[in-house]
Every structure is written in structure tokens, then in C-alpha cells.
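**Q** everything below, folded, please.
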Amino acid sequence: MAATATIGVTGPAGGWPAVTYRQAGDQYVMIEYGEHELDLRLNFLVVSVLDRLTTDPPPGLVEAAPGLRSILVRFDPRRTGRDALIERLRATHDAQPDITSLVLPSRVITLPIAFDDTSCREAVRRYVTTIRPDAANTAGGSNIDYIVEQTGFPTAEALYAAVTGTELWTAFTGFAPGLPFLLPLEPGLGLSVPKYNPTRGWTAEGSVGLGGPCAAIYPVESPGSYQLLGRTVPIYDMVGHHPAFATDPFLVRPADRVHFTRVSERELRDARKQVFEGRYRYRIAEEPFSVADHLARWGHDPSRAAGTGAG
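**A** Residues are numbered from 1 along each chain as shown. As a prediction, this is how the structure comes out:
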């Protein structure tokens with residue numbers, strides 16, 4: 001009989017999808033919700049369960065890290081066993097309300113964005129010079145024309161209006177310190193493009209990219225494969241120089257909504273300078289997120305697409 005990592009399955013029942021528990025090494029359990037599809041409802045469940053695990057942790061819980069439709073739970077085997085942990089996790093799920101009753105802790109973070117800025121064009125120039133001179137996504141010295149072509153927007157201005165006209169839901173962070181994976185809460189925008197092939201060798205910190213149906217903000221200078229839209233202010237400060245990072249080096253958290261406002265590159269340079277001098281005021285508003293209101297506005301299936309992935 002073939003070995004399997006699956007150690008438990010419940011549901012679907014009571015408005016919840018099936019929940020699968022998988023062994024993930026000696027000190028981890030992976031919880032997966034529903035099927036392999038991009039459905040923001042599954043991420044809303046992840047956020048709700050994660051909040052409960054944070055406020056009322058099971059004995060032996062060390063940490064819990066969310067994914068798009070999963071939570072990776074680390075436990076201390078000296079304090080609890082895997083079976084006892086799963087029993088407690090099932091009790092946590094049983095205590096969750098129906099999805100239409102969820103009100104999730106959330107914030108709206110408003111960030112400036114300078115589209116098609118110099119740093120993004122420099123990343124494209126380096127890519128063409130050192131990696132792939134014939135790449136179709138680098139026509140005109142940037143990725144914008146390629147994004148417009150792939151998404152079907154009539155012009156770059158229409159693309160920019162779509163990006164700034166919707167809130168982007170932070171499904172999870174990872175792959176780089178505090179890198180947020182963002183999905184539009186408004187369905188049907190068509191903000192989905194293929195990624196670089198092969199990957200870029202360099203991306204400026206603060207760059208905003210689009211890959212598959214996800215947008216992302218690069219918190220540090222790094223390689224990357226998302227098509228570059230523009231640049232924003234820093235979202236990561238390891239040493240807490242700026243007051244916004246005094247208690248957490250990561251600006252954007254799972255369940256935050258990011259709203260971009262368009263600025264010129266000159267205005268962005270000034271804003272970034274203010275950040276480094278500690279004078280910039282990040283616009284962050286505590287606004288709980290009502291799933292019922294969202295579903296009433298956009299319907300029960302807010303987002304379906306394929307091809308999420310890292311950087």
C-alpha cells in the first residue's frame with residue numbers, strides 16, 4: 001500500500017469546504033481547505049482560522065503560517081502530539097461560523113505608485129542585456145506594453161485605472177521577507193499575465209509586479225519573475241527606523257487591503273526620501289472586512305483563475 005501524507009479529512013459540511021490535514025515533517029501539520037482552485041472564499045476561511053489560532057492557540061502550537069487556501073502549523077512535540085493537535089484543530093474549525101457571518105480583522109493601506117518608473121525600466125534593461133535579449137515582454141524597454149496586450153486593456157492608461165480602481169486583498173505573505181501576494185477584490189478585472197521566462201536577476205526594492213492573477217510588492221532587492229508595473233514606498237524595515245515599523249518590520253499583513261494611488265516618479269522619489277528620513281506618514285486605516293457585504297456586492301465567487309506562484 002502506497003504511503004500518504006494525508007492524516008485526516010473532514011467535510012464538506014455546514015457551508016464549509018472539505019478540510020484536509022497532512023503530515024509535513026516531524027513538527028508540522030498542513031491544513032488545506034477545499035479544492036485546488038483560486039477562490040477567495042477559501043482564503044477568507046484561512047484568515048478566520050488563523051485569527052482564532054492566534055488568539056486562542058492550542059497547547060504546543062509554535063507558529064502558524066497562512067497560504068492561499070492552507071495553513072502550515074508548527075507544534076512542539078514535547079508539549080503535544082500530532083493526534084491531539086489535530087483534534088484541537090478540528091474543534092477550532094467546528095467553532096467557526098458560516099462564511100457569510102465572518103467579519104475579519106483587516107486594514108486598508110493606501111500606497112503611492114509611479115507606473116513604469118526608471119527602476120522598473122532598469123530591471124528590464126539588465127534582463128535584456130544579460131539574460132534574454134529577444135523576450136517578448138520587454139518591448140519598448142518596459143513590461144507595460146506586454147501587460148496591456150496580455151490583459152486586453154485598450155491602453156496603458158486603462159490598465160493603470162484598473163490597478164488604482166480596486167482594493168487588492170493580501171492573501172498571504174512569503175517567499176521573501178514580508179512579500180505580499182495581492183488579489184483584486186473586484187472580480188473580472190482580467191489582471192492576469194504570464195511571468196518572466198526565465199526569471200530576472202534583479203528587481204528594485206518597492207517594485208510592484210503582476211504574475212498570473214497575483215500582484216506583489218517586492219520588499220527587498222531580489223530576482224523576480226513578475227511583470228513590472230511600477231514602484232511604491234518601502235514596505236519592509238528590519239531595524240525599525242521609521243515609526244510605522246517600530247513593532248513589526250513588515251508593513252503589509254495577511255487580510256490587509258492595499259489601495260494604490262497614482263503619483264509621478266518625482267513625487268514617489270520625494271515620498272521615499274521622506275520614509276528614509278522618518279517623515280513619511282503611511283496611510284493605514286483599521287477597517288474590519290465583512291465577508292457578507294463583499295459577497296452581496298460581488299457574488300459568491302469573487303475570483304477564479306489559475307497560475308499563482310512565487311516572485
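**Q** run through the stretch 1-150 of the chain and note the low-pLDDT ranges.
**A** Scanning the stretch 1-150 of the chain for pLDDT under 70 picks out the ranges 1-3.
**Q** again, 80 this time
**A** Counting by pLDDT under 80, the stretch 1-150 of the chain contains low-confidence residues at 1-4, 13-15.
**Q** output stretch 232-248 as CSV - backbone C-alpha positions only.
**A** Below are the C-alpha coordinates for stretch 232-248, written out as CSV (Å, rounded to 0.1, in the frame of the first residue of the first chain):
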residue,chain,number,x,y,z
THR,A,232,6.0,52.3,-4.4
VAL,A,233,7.4,53.2,-1.0
PRO,A,234,9.2,50.7,1.2
ILE,A,235,7.1,48.0,2.9
TYR,A,236,9.9,46.4,4.9
ASP,A,237,12.2,47.9,7.6
MET,A,238,14.2,45.3,9.5
VAL,A,239,15.6,47.7,12.0
GLY,A,240,12.5,49.9,12.5
HIS,A,241,14.0,53.2,11.5
HIS,A,242,10.5,54.5,10.5
PRO,A,243,7.8,54.7,13.2
ALA,A,244,5.4,52.6,11.1
PHE,A,245,7.8,49.6,11.6
ALA,A,246,8.5,50.1,15.3
THR,A,247,6.7,46.9,16.3
ASP,A,248,6.8,44.9,13.1
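**Q** where is the longest helix in the protein?
**A** The single longest helix within the chain, with elements called by DSSP state H, is helix 40-55.
**Q** by contact count, what packs against it?
**A** With contacts taken as 3 or more C-beta pairs under 8 Å, 6 or more residues apart in numbering; DSSP states H and E, helix 40-55 sits against strand 28-33, strand 61-66, strand 70-75, helix 82-94, strand 103-104, strand 168-173, helix 291-298. (C-beta placed from N, C-alpha, C; glycine too.)
**Q** list the buried ones in the strand ranked longest in the chain?
**A** Using DSSP state E to define each element, the chain has its longest strand at strand 107-115. By 16 or more other C-beta atoms under 10 Å, the buried positions in strand 107-115 come out as Arg107, Ile109, Leu111, Pro112, Ile113, Ala114, Phe115.
**Q** kindly reformat the residues you listed as TSV containing distance to Pro133.
**A** TSV is the format used below for the buried residues of strand 107-115 (distance: C-beta to C-beta, whole Å):
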residue	distance to Pro133
Arg107	43
Ile109	38
Leu111	33
Pro112	32
Ile113	28
Ala114	26
Phe115	24
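**Q** just the helices in the protein please.
**A** 40-55, 82-94, 118-130, 144-151, 156-164, 265-276, 291-298.
**Q** may I see those organised as TSV, with distance to Pro180 and mean neighbour count added?
**A** As requested, the helices of the chain are exported to TSV (distance: least, C-beta to C-beta, whole Å; neighbours: other C-beta atoms under 10 Å):
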stretch	distance to Pro180	mean neighbour count
helix 40-55	13	20
helix 82-94	25	16
helix 118-130	18	17
helix 144-151	19	18
helix 156-164	15	16
helix 265-276	17	15
helix 291-298	19	15
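**Q** so for the protein, which residue is the most central one in space?
**A** With distances taken as C-alpha atoms, centre = their mean, Phe181 lies nearest the centre of the chain, 1.8 Å away.
**Q** how close does that one sit to Asp83?
**A** Using C-beta to C-beta, to the nearest Å, Phe181 is found at 32 Å from Asp83.
**Q** about what we covered before: what's the closest of the helices of the chain to Val19?
**A** Set against Val19 and scored by C-beta to C-beta, these come closest in helix 82-94, at 5.9 Å.
**Q** angle of that closest one against strand 28-33?
**A** Orientation check (axes from the mean of the first three to the mean of the last three C-alpha atoms, to 10 degrees): helix 82-94 against strand 28-33 gives 30 degrees.
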